[in-house]
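Asker: Provided below are the primary sequence and the corresponding predicted coordinates.
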Amino acid sequence: MRVGIVGARRAEQGIGQFVARDLAALGADVVAIVGTRAETIASAAADLKRLYGLSVHGYLDIESMLADQRLDAVAICSPQQFHARQLEAALKQGVHVLCEKPLVFVPGEDNADTVRPLIEQFAAAGKTLMVNQQWPYTLPAFDRCWPQARAHPMARLEMLLAPNEDGPGMIPNAMPHVLSILLRCVPTGGHLENVRVVAPEPGRLDVVFDYVSHTGRTQVQAWFIQAPRQPRPAGYAINGCTVRRTIRMADYAMFLETDGAGLGEIAGRDPEEAMAAALVGSEAGGVVPLEDPLRLLLADFISRCQYGGETGVDPALLNNVRLLDELYAAGVKQLASLKLA
């Protein structure tokens, strides 16, 4: 399986380098990358060669890469404002796509209307379209921590994340992860009620809403905080059962930890204290090893590309974009009204 990577640099929180690494480790042939300038392409290619032994051709745009290379799939790891055009180019060439989240997002636009025909056309062409939303792949480990938590309908979901943004920009950066767990555990096609977005202090955003589907109501609480470096605090709770993603920095092994501070308490801490809470604890009771969710997602992507997966339109793709549009619009409006008050 021949793959090209759009955006393979590690700049800021870029994930393209790790996507290339793990795709290659899983047996894919990573042969090409796209960058914005000749020097950044050369830098990314040199890093991939030095770190992972990958030899890649570099291009300045996805169209040139697709025209020159015989690819089976493309991983779009570029900034969100470029996704729609790059998805259209990949669709035109009939390749499978893994796209960084959010799938499509331009502030103030009807992004659900933009992405709907793309999702439908990928499905009609029999091509896989996945979004890099890794948190649902942690649910098996969550179930080992709390075997009975998901035996009942999800009445409440809480999540703590540390996006690399501030203000309303935290919503498109981090909310797709919250929605990915929500839509994995409850029916798609629901609607939002009681949306509330507040910024209780600089570098923090709290988002609260109810998600109402034909099976009931789920209360959702998200805390988005800024953390200047790794390990960034993260975790979630389903029906009051909490796990925190912790990291052993020596080898970057990941765990789900059930002991210690709650998510809301961590959100209210000083950034340094919040990051300290993301370090792995004693690895005794209350700590479950977590297989790298990125690698699990990429293994799933390769399997779907090679052997086929679910056929037809995945409603969660469109619903994630639709709900994200609504939450961002509500957040911008409510935060602006608070500044005027």
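Answerer: It's in. Numbers count the residues shown, from 1 in each chain.

Asker: Run the chain-centre distance for the longest helix along the chain.
Answerer: Ranked by residue count, the top helix of the chain under DSSP state H comes out as helix 315-340. Chain-centre distance of helix 315-340: 17 Å, with C-alpha atoms, centre = their mean, to the nearest Å.

Asker: Name the residues of that helix that come out as buried.
Answerer: Neighbour counts over helix 315-340 (16 or more other C-beta atoms under 10 Å) mark 316-325, 327-328, 330-332, 334-335 as buried. Every C-beta, even on glycine, is put in place using the N, C-alpha and C of the backbone.

Asker: what's it packed up against?
Answerer: helix 111-124, strand 129-132, helix 170-185, strand 191-198, strand 204-213 (3 or more C-beta pairs under 8 Å, 6 or more residues apart in numbering; DSSP states H and E).

Asker: at 7 Å instead, please
Answerer: Counting contacts by 3 or more C-beta pairs under 7 Å, 6 or more residues apart in numbering; DSSP states H and E, helix 315-340 packs against helix 111-124, helix 170-185, strand 191-198, strand 204-213.

Asker: Tell me the strands beside the shortest one, with direction?
Answerer: In other words, strand 191-198. Sheet pairing for strand 191-198, assigned by DSSP bridges, gives strand 204-213 (antiparallel).

Asker: angle of the next helix or strand after the partner strand against strand 191-198?
Answerer: Proceeding N to C from strand 204-213, the next assigned helix or strand is strand 216-225, under DSSP states H and E. If you take axes from the mean of the first three to the mean of the last three C-alpha atoms, to 10 degrees, strand 216-225 sits at 30 degrees to strand 191-198.

Asker: can you tell me which residue is nearest the centre of the protein?
Answerer: Taking C-alpha atoms, centre = their mean, the centroid of the chain lies closest to Gln133, which sits 3.3 Å from it.

Asker: was I right about it contacting Leu179?
Answerer: No: the criterion here is C-beta atoms under 7 Å, and Gln133 misses it with Leu179 at 8.2 Å.

Asker: okay, and for the stretch 1-150 of the chain, where does confidence drop off?
Answerer: For the stretch 1-150 of the chain, the stretches with pLDDT under 70 are 10-13.

Asker: can you pull out the strands in it?
Answerer: Under the criterion DSSP state E, counting those that start in this stretch, the stretch 1-150 of the chain contains strands at 2-6, 29-34, 57-59, 73-76, 96-100, 129-132.

Asker: OK, contacts around the closest residue to Val198 other than its chain neighbours?
Answerer: Spatial nearest neighbour of Val198, excluding adjacent residues (C-beta to C-beta, 6 or more residues apart in numbering): Asp206 at 5.1 Å. Contacts for Asp206 (C-beta atoms under 7 Å, 6 or more residues apart in numbering) come out as Val198, Pro200, Trp223.

Asker: Can you tell me which of those is closest to Gly27?
Answerer: For the contacts of Asp206, the minimum distance to Gly27 (C-beta to C-beta) is 38.0 Å, reached by Trp223.

Asker: Look at the closest residue in space to that closest one that isn't next to it in sequence and say how many residues are nearby.
Answerer: Nearest residue to Trp223, sequence neighbours excluded (C-beta to C-beta, 6+ apart): Ala267, at 3.7 Å. Residues near Ala267, counting by other C-beta atoms under 10 Å, number 24.
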